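sequence and predicted structure below; questions after.
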Amino acid sequence: MAPVSEVTAVVVAAGRGQRLADAGAGRPKALVEVDGRPLLDLTLTTLRAVRAITAVVVVHPPGAGSDFRAVAGSDVALVAGGTSRSASVRRGVEALVPGSELVAIHDAARPLVPPAVIADAVEAVTGDVVAAAPGLPVTDTLKRVGAGGDVLATVGRGGLWAVHTPQVIRRDVLETTLDWARGRDATDDLSLVEEAIAAGAVGGRVRLVRGDPRDLKVTHPEDLLVAVAIVRGTRP
């Protein structure tokens, strides 16, 4: 594992949150409030509680820098995002301070991940494990469905996990992967690393560590209700 002084978090917060439009009153998704606090504020509070993370870069929507600075404070670097998630991640990585050996890419829409889960993912990146993230085994029955809604097959859920963030990646591996995958987009940064490994562009293995249900992604207005319950301590 890299020394704790060499871990930087890149918070991807450039989304406009169309599915949260009513709750957000037109604000960027990361500024939508949960129990009176913006998602970004909750996310940064969590990251600051992790000893291994000593620097944070927030990638925000273009033109929203002043609003994000008001929430983020002066100890966080801000950079405008790109036209896709991968482009935004690339801009965040380009803003990293020299010496950061590990990059923890985290969605601002996942503000309630327990700090211990983040620490587990950081500690998992060691030896030939070049990337790691928290996740949980899939519990719902999965079915492959055709365009008309007809069920094509039931997919066995054995060995299937839902992947969360932060996704912790060795910096050199991430930079090589982003160069190799230039022009592609992905909703999951680990998947690009997996593809780069399969293509021989980088070496190593990718690992998942057990996550926590509280690491939910706030996507729909209903998710805000769950997040509020967690913040208020009415749900374990």
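Everything's here; your move.

so what's the spatially most central residue of the chain bridging to?
Against the mean C-alpha coordinate of the chain, by C-alpha atoms, centre = their mean, the closest residue is residue 106 at 2.7 Å. With DSSP bridges as the criterion, residue 106 is bridged to residue 11.

mind checking what helix or strand follows the least confident helix or strand in the chain by mean pLDDT in sequence?
Lowest by mean pLDDT, DSSP states H and E among the helices and strands of the chain is helix 21-24, with a mean of 54. Next helix or strand after helix 21-24 toward the C-terminus (DSSP states H and E): strand 33-34.

helices along this protein, start to end?
For the chain, the helices defined by DSSP state H cover 21-24, 39-48, 65-72, 85-94, 115-124, 171-180, 189-199, 221-231.

quick one: buried residues of the third one?
In this case it means helix 65-72. Buried residues in helix 65-72, defined by neighbour count with 16 or more other C-beta atoms under 10 Å: 67-68, 71-72. C-betas here are computed from N, CA, C, even on glycine.

quick revisit: ok, the residue nearest to the centre of the chain - contacts?
9-12, 43, 47, 113, 118, 165-167 (C-beta atoms under 8 Å, 6 or more residues apart in numbering).

mind redoing it with 6 Å?
Residues near residue 106 by C-beta atoms under 6 Å, 6 or more residues apart in numbering: 9, 11, 165-166.

count the neighbours of the nearest residue to residue 223 once chain neighbours are set aside for me.
Nearest residue to residue 223, sequence neighbours excluded (C-beta to C-beta, 6 or more residues apart in numbering): residue 216, at 6.3 Å. For residue 216, the neighbour count with other C-beta atoms under 10 Å is 17.
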